[in-house]
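**Q** Give me a 3D structure for the following:
(one chain, ligands or ions: 4)
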Amino acid sequence: LRASTAREADIEALLMSRADDAKARAKLLIVDEDLKVASRLEGLLSKDNQIDIVTQPPAALISVVEGGYDCVIISTGLSGYDPLRLCSQMRAIERTRLLPIILIAEHGETGLVARGLDLGVNDYLMRPLDRNELLARVRTQVKRKRYNDLLRRSLSQTIEMAVTDGLTGLHNRRYLDSHMSMLFTRSVSRERPLSVLMTDIDHFKRINDTYGHDAGDDVLRDFAGRLHRNIRGIDLACRYGGEEFIVVLPDTDAHMAAVVAERIRETVASTPFLICNGTASVDVTISIGLASLQLRDDSVEKLFKRADVALYEAKKNGRNRVVG
Ligand code: GH3
Ligand code: MG
Ligand code: MG
Ligand code: MG
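**A** Residues are numbered from 1 along each chain as shown. Ligands and ions are numbered 1, 2, ... in the order given. As a prediction, the model looks like this:
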């Protein structure tokens, strides 16, 4: 636990410094009905930032969503339009949910500011504006946004790596194990079919022994690609172990699954695999054990067990075939 906390601190420090030396000018949007007032604000900010102005508050939402801004600065003095409406709209839309908002209020508008903060406004200033304070508050929000963006990107990369097989790019066993019970339960409760293909490369050891381990890796990568190209987006392909792959086919009965399995088998058997940087090629075949959800199945394990038995049959009966 201590090691992982230390690692998090490292990542945080790295992100902080990267967010900090993001020297790129910040892109700001000023929302103010009065072009003269907006231009004066622009004058205060334009040295460090790239600035757009919108004077039609209803149109601002579109600019905000499309514009790729680092911070939005909204004036409260909008006649006939509640500036906080734009704030709550921005908070309701996924793409602008975390975009910093700074409210520029008139002197004494404390009630409005308080409501704004409730709605998710990040910071505010009251007129008359102090240039240094304005710049500092904008800079703080931009820095915070960049830091959050980096953190989120690095987090999703970490998660992605944890559920991806490094060699083939397919999902790994951990991902399958964590998703399979959900897919299983959903199919059972909706009374929808579900099929699994347990796939194993035939005599894979010979490929390694004859051409070397790197050639074996080439075959695994190529096979993963062929597998991926022959299934739908909602199907789940995963490298389960060394040269064993599992494909989960939601909403697919045994008949359809057999068609898919046969197509995959054929795709492998019909075209030799290039190895050693394309200087050689090798014939590869696979065996597939197929199992489909049955009424009496009460666990994922039973379903997998049947696929495993079918795969064993396919091997025993001569390989390069689908059984199930
Ligand atoms: P069968 O037709 O019965 O499946 O025979 P096989 O040779 O494919 O089966 P076996 O399970 O005996 O051999 C699998 C081999 O896969 C053994 C192992 O060294 C190799 N292997 C496992 N993971 C990797 C990998 O990541 N890269 C390479 N190149 N080989 C691997
Ligand atoms: Mg084996
Ligand atoms: Mg094998
Ligand atoms: Mg095997």
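
**Q** Those residues of the stretch 151-300 of the chain touching ligand 4, which are they?
**A** D200, E244 (Cβ under 5 Å from the ion). All C-beta spots, glycine's among them, are computed from the backbone N, C-alpha and C.

**Q** at 6 Å what do you get?
**A** D200, G242, E243, E244 (Cβ under 6 Å from the ion).

**Q** Now for the residues you listed: which two are most distant?
**A** Greatest spatial distance in those: D200 and G242, 9.1 Å, computed using Cβ to Cβ.

**Q** before we move on, back to that, return only those of the residues of the stretch 151-300 of the chain next to ligand 4 found close to ligand 3.
**A** D200, E243.

**Q** and the residues of the stretch 151-300 of the chain next to ligand 4 as CSV, adding neighbour count, distance to I30 and pLDDT?
**A** CSV is the format used below for those (neighbours: other Cβ atoms under 10 Å; distance: Cβ to Cβ, whole Å; pLDDT from 0 to 100):
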residue, neighbour count, distance to I30, pLDDT
D200, 22, 62, 98
G242, 13, 59, 95
E243, 20, 59, 97
E244, 16, 59, 98
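
**Q** name the element A136 belongs to?
**A** helix 131-162 (DSSP states H and E).

**Q** Give the other helices and strands that that helix contacts.
**A** Packing contacts for helix 131-162, counted by 3 or more Cβ pairs under 8 Å, 6 or more residues apart in numbering; DSSP states H and E, involve helix 2-20, strand 26-31, helix 35-45, strand 71-75, strand 101-105, strand 123-126.

**Q** So which residues make contact with the shortest one?
**A** What it means is strand 123-126. The contact list for strand 123-126 (Cβ atoms under 8 Å, 6 or more residues apart in numbering) reads 100, 102-109, 113, 116-117, 133-134, 137, 140-141.

**Q** Make a PyMOL selection of whichever of those turn out to be buried.
**A** To isolate the buried subset of the contacts of strand 123-126 in PyMOL, counting by 16 or more other Cβ atoms under 10 Å, use the following:
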select buried, resi 100+102+103+104+105+109+113+116+134+137+141
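
**Q** What residues does the protein have near ligand 1?
**A** 167, 200-205, 208, 213, 216-217, 220, 242-243, 315, 319 (Cβ under 6 Å from any ligand atom).

**Q** could you redo the last one with a cut-off of 8 Å?
**A** Contact residues, the chain versus ligand 1 (Cβ under 8 Å from any ligand atom): 167, 200-208, 213-217, 219-220, 241-244, 287, 315, 319.

**Q** Quick check on those: which are buried?
**A** 200-202, 204, 207-208, 215-216, 219-220, 243-244, 287, 315.

**Q** and S195, what is it in contact with?
**A** V248, L249, T252, D253, A254, M256, A257, L290, A291, S292, L293.

**Q** what's the closest of those residues to G43?
**A** V248 (59.9 Å).

**Q** I'd say that closest one and L236 touch.
**A** Yes. Using Cβ atoms under 8 Å, V248 is in contact with L236, at 4.2 Å.

**Q** hmm, back to that, so which of the residues of the stretch 151-300 of the chain next to ligand 4 sit within strands?
**A** Among those, the members falling in strands (DSSP state E) are D200, E244.

**Q** which among the residues of the stretch 151-300 of the chain next to ligand 4 gets closest to ligand 1?
**A** Using Cβ to the nearest ligand atom, G242 is the member of those that sits closest to ligand 1, with 2.6 Å.

**Q** and V31, how many residues sit next to it?
**A** 26 (other Cβ atoms under 10 Å).

**Q** got a list of what it touches?
**A** Contacts of V31 (Cβ under 8 Å, 6+ apart): I53, V54, P57, A60, V72, I73, I74, S75, P83, L86.

**Q** any idea which of those is least confident?
**A** Lowest pLDDT within the contacts of V31 is found at P57 (76).

**Q** how close does that residue get to ligand 3?
**A** 65 Å (Cβ to the ion, to the nearest Å).

**Q** Count the residues that sit near the residue lying closest to that residue once chain neighbours are set aside.
**A** Spatially, and ignoring its direct neighbours in sequence, P57 is nearest to Y81 (4.6 Å; Cβ to Cβ, 6 or more residues apart in numbering). Y81 has 14 neighbouring residues, counting by other Cβ under 10 Å.

**Q** In this structure Y81 contacts A59, no?
**A** No. Y81 lies out of contact with A59 (Cβ under 8 Å); the separation is 11.1 Å.

**Q** still on that earlier bit, what kind of secondary structure is the residue nearest to P57 in?
**A** Look at Y81: counting by DSSP: H, G, I helix; E, B strand; the rest coil, its state is coil.
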